[in-house]
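Trainee: Starting from these lines, generate the structure:
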Amino acid sequence: MLKVHLICVLSLLNTVLLFAQEQDFLRGKVLDKETNEPVVFATVRILGKAKGVITNMDGSFRLPIEFREAGESIAITSMGYTKKEYGLQQLSPSDVNIIYLEAGVLELSEAVVKAKGKRFRNLNAKQIVQKAIDAIPNNYPATSFSLVGYYRDYQYKDSTYLNLNEGIFEVFDQGFNQLDDSNTESLMYQWSTNTDFPQDSSARQSYNYKSLSKIIDKARLDAHGGNEFRILRIHDAIRNFNVGSYDFIGTMKTDFTKNHYFLRGADTTKDGNELYTIKFWIFFPNYRANGTIYISKFDFAIHRLEYTMYDEKKKSDDKKRNKHGHFQKPIFDITTEYNSQDGNMYLNYISFHNTFILNVPPVFRVDDYAVDFDEQCFTVEYNTRPLEELAMDLKNYDVEFNNRRVKIRTIKRLKNKIYLIPALIDEKRYEMFGEILEAVKNEEDLNELVSLKVSNVRDTLGNLVNKWTAPEYEQYREFFVQEVKPDNRAPFNGIFMDKVVPLFGEQPIAKPINGESYWMNTPLKKSIN
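Mentor: Numbers count the residues shown, from 1 in each chain. A predicted model of the protein is given here:
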């Protein structure tokens with residue numbers, strides 16, 4: 001329940017401001033009536049208006065309170081559920097309203113399918129998918145339109161949202177007969193980093209496969225200038241059906257049916273529309289992919305595409321079966337949904353989730369290996385104070401000269417610096433250090449002559465020397481359409497998003513045309529699992 005409590009007089013002003021912010025929105029959460037689980041990505045639309053939102057990973061959503069005050073009603077729809085309508089005045093303006101959806105009931109489909117006056121007998125799963133791909137030019141808009149929506153990207157680790165950036169964008173698309181990445185433009189109406197959530201500057205950096213500082217294990221994601229929204233749109237395989245999108249869909253028009261196996265599943269419904277459910281998969285030695293595509297039984301329009309790439313060599317950390325019934329670890333997961341409006345299919349939402357590894361340099365490390373000619377010894381200098389017992393243990397040091405191990409007789413420490421004194425008679429010691437000195441004078445590479453390795457030493461906080469860490473994070477990029485504007489063109493002098501610059505870089509902010517208002521559907525600050 002969302003309630004505000006006055007804690008003390010000194011915090012009165014901040015409390016009132018917080019209360020005002022919360023009370024600007026009516027909040028709800030959509031759950032499955034039978035399982036009590038969140039209904040993710042359900043569509044919540046204002047009846048009689050072209051605006052709405054999509055539920056978050058926990059089923060939550062929020063609407064401006066002005067819709068309730070105006071006596072508006074909402075319709076809630078989701079794949080496989082019965083549509084539900086509510087008058088907003090039935091809902092509490094202050095608490096989180098729990099709304100239950102019931103599973104839709106659909107009788108088994110007949111073998112003969114009637115679509116737009118034509119009859120198709122005994123189509124198998126692959127043929128249904130191919131017909132849907134062939135029908136894309138007819139089912140999706142060929143003329144200019146725009147989409148206004150709520151965009152966010154964030155990381156997720158240890159049950160915590162990190163680096164939540166969110167904004168309101170309007171996408172001006174010239175139609176499906178034009179290439180999306182080169183012709184589509186976007187206006188940014190709002191954009192901000194939500195500082196109510198923790199920030200991690202290391203996780204925020206762009207993917208870097210040269211330094212390997214931030215990578216997706218067993219996959220490569222081009223940075224595209226670090227613009228996360230551009231990355232997201234490129235991964236809409238339906239919009240980009242005639243160009244390469246992502247493995248193993250490739251170019252959907254030519255590669256999708258060739259690259260996968262297909263199986264007809266149980267038919268389902270969405271907002272009264274009957275849909276085929278087609279499951280598909282592909283296996284490789286190091287990868288496997290599973291997915292589901294939902295296709296209209298009436299006109300073969302694709303309503304939703306779900307695609308997950310798995311690492312065939314790795315099991316999930318929680319050792320539980322995933323949504324496709326096996327234990328493999330996901331590399332990335334993409335869900336794209338389209339809705340019908342005015343005879344065409346328009347994007348409803350797209351969600352792109354992947355895991356990434358952040359290679360973090362050692363906290364405790366050796367800053368310098370050196371040769372001390374005056375003392376005729378080798379030195380190791382740590383960046384911070386080592387644990388005495390381990391730093392003074394001869395077994396933790398390995399010194400070689402000319403590929404022969406040098407026995408160490410004595411070890412000394414001065415603050416963070418260790419002195420390793422060889423167990424050699426004077427003649428041999430003079431000869432070895434003389435040869436090293438000669439190599440220095442000749443500017444030779446000492447690494448070819450001397451090798452010094454340190455292991456098993458820790459600092460006083462327990463950090464292992466020279467130990468890189470590679471924590472794994474979840475990355476999400478999502479765009480949820482709030483309004484579709486058919487036959488809408490981009491403004492001639494619009495100050496558009498720079499697609500090769502990160503969103504948190506120097507990006508222009510525009511004002512919504514005609515002063516229309518949209519809102520952030522910020523997630524609740526809690527676990528999404």
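Trainee: Which residue ranges make up the domains of this structure?
Mentor: 9-101, 125-178+189-360+471-500, 366-454 (automatic domain parsing).
Trainee: can you redo those domains as CSV with mean pLDDT?
Mentor: Putting these into CSV (pLDDT from 0 to 100) gives the following:
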stretch, mean pLDDT
domain 9-101, 84
domain 125-178+189-360+471-500, 91
domain 366-454, 95
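Trainee: and of these, who's closest to residue 523?
Mentor: domain 9-101 (4.5 Å; CB to CB). From N, CA and C alone the C-beta is placed, and that goes for glycine too.
Trainee: If we ignore the residues flanking it in sequence, what's nearest residue 239?
Mentor: Ranked by CB to CB, 6 or more residues apart in numbering and with sequence neighbours excluded, the top spatial neighbour of residue 239 is residue 180, at 5.3 Å.
Trainee: ok, the one you found touching residue 235?
Mentor: No. The pair residue 180 and residue 235 fails to qualify as a contact (CB atoms under 8 Å) at a distance of 11.0 Å.
Trainee: Show me which of the two is the more surrounded one.
Mentor: residue 235 (22 against 19; other CB atoms under 10 Å).
Trainee: Torsion angles phi and psi at the more buried one?
Mentor: When quoted as degrees, to the nearest 10, the phi and psi of residue 235 stand at phi -90, psi 20.
Trainee: Please apply the same query to residue 67.
Mentor: phi -70, psi -40.
Trainee: That one: neighbour count?
Mentor: Residue 67: 18 neighbours (other CB under 10 Å).
Trainee: on that earlier part again, now distance to residue 520 too, for the domains of the chain, in a markdown table please.
Mentor: Below are these laid out as a markdown table (distance: least, CB to CB, whole Å):
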| stretch | distance to residue 520 |
| --- | --- |
| domain 9-101 | 8 |
| domain 125-178+189-360+471-500 | 5 |
| domain 366-454 | 43 |
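Trainee: among the ones you listed, which is nearest residue 507?
Mentor: domain 125-178+189-360+471-500 (5.9 Å).
Trainee: could you pull out the strands for the stretch 151-300 of the chain?
Mentor: 160-173, 185-193, 214-215, 244-246, 250-251, 261-264, 268-270, 273-283, 287-296 (DSSP state E, counting those that start in this stretch).
Trainee: For residue 415, which of the ones you listed is the nearest?
Mentor: strand 214-215 (34.6 Å).
Trainee: Tell me how far residue 260 lies from residue 517.
Mentor: 43 Å (CB to CB, to the nearest Å).
Trainee: An error on my part: the question was meant for residue 469.
Mentor: Taking CB to CB, one finds residue 469 at 45 Å from residue 517.
Trainee: Also residue 181?
Mentor: Distance from residue 181 to residue 517, by CB to CB: 29 Å.
Trainee: Would you mind saying which of the strands of the stretch 151-300 of the chain lies nearest residue 482?
Mentor: Of all the strands of the stretch 151-300 of the chain, strand 160-173 comes closest under CB to CB, at 7.9 Å.
Trainee: centre of the chain versus that closest one, how much separation?
Mentor: On the basis of CA atoms, centre = their mean, to the nearest Å, strand 160-173 sits 12 Å off its chain's mean C-alpha point.
Trainee: again with stretch 467-480
Mentor: Centroid separation between stretch 467-480 and its chain, computed with CA atoms, centre = their mean, is 7 Å.
Trainee: Stretch 514-524 too?
Mentor: With CA atoms, centre = their mean as the basis, the mean position of stretch 514-524 lies at 21 Å from the chain mean.
Trainee: Buried residues of it, list them for me.
Mentor: 518-524 (16 or more other CB atoms under 10 Å).
Trainee: again, but for stretch 31-42
Mentor: Taking 16+ other CB under 10 Å as the criterion, stretch 31-42 shows 31-32, 38-42 as buried.
Trainee: which of those residues lies closest to residue 60?
Mentor: For the buried residues of stretch 31-42, the nearest to residue 60 is residue 38 (7.8 Å; CB to CB).
Trainee: Pull the number of nearby residues for the residue lying closest to that closest one once chain neighbours are set aside.
Mentor: Excluding the flanking residues, the one nearest residue 38 by CB to CB, 6+ apart is residue 59, at 3.1 Å. Counted with other CB under 10 Å, residues neighbouring residue 59 total 22.
Trainee: quick one, what contacts residue 59?
Mentor: By CB atoms under 8 Å, 6 or more residues apart in numbering, the contact set of residue 59 is 29-31, 38-40, 42.
Trainee: Compute the distance between it and residue 30, please.
Mentor: Using CB to CB, one gets 5 Å for the distance from residue 59 to residue 30.
Trainee: intersection of neighbour lists for these two?
Mentor: With CB under 8 Å, 6+ apart, residue 59 and residue 30 have common neighbours 38-39, 42.
Trainee: Now for residue 158, how many residues are close by?
Mentor: 8.
Trainee: Quick check on it: phi, psi?
Mentor: According to degrees, to the nearest 10, residue 158 has phi 50, psi 50.
Trainee: Please name the nearest non-neighbouring residue to residue 80.
Mentor: residue 268 is the one closest to residue 80 (CB to CB, 6+ apart), at 4.8 Å.
Trainee: Can you list the neighbours in contact with the longest helix seen in the chain?
Mentor: Ranked by residue count under DSSP state H, the longest helix found in the chain is helix 426-441. With CB under 8 Å, 6+ apart as the test, helix 426-441 has contacts from 371, 373, 376, 401, 406, 422, 424, 446, 449-450.
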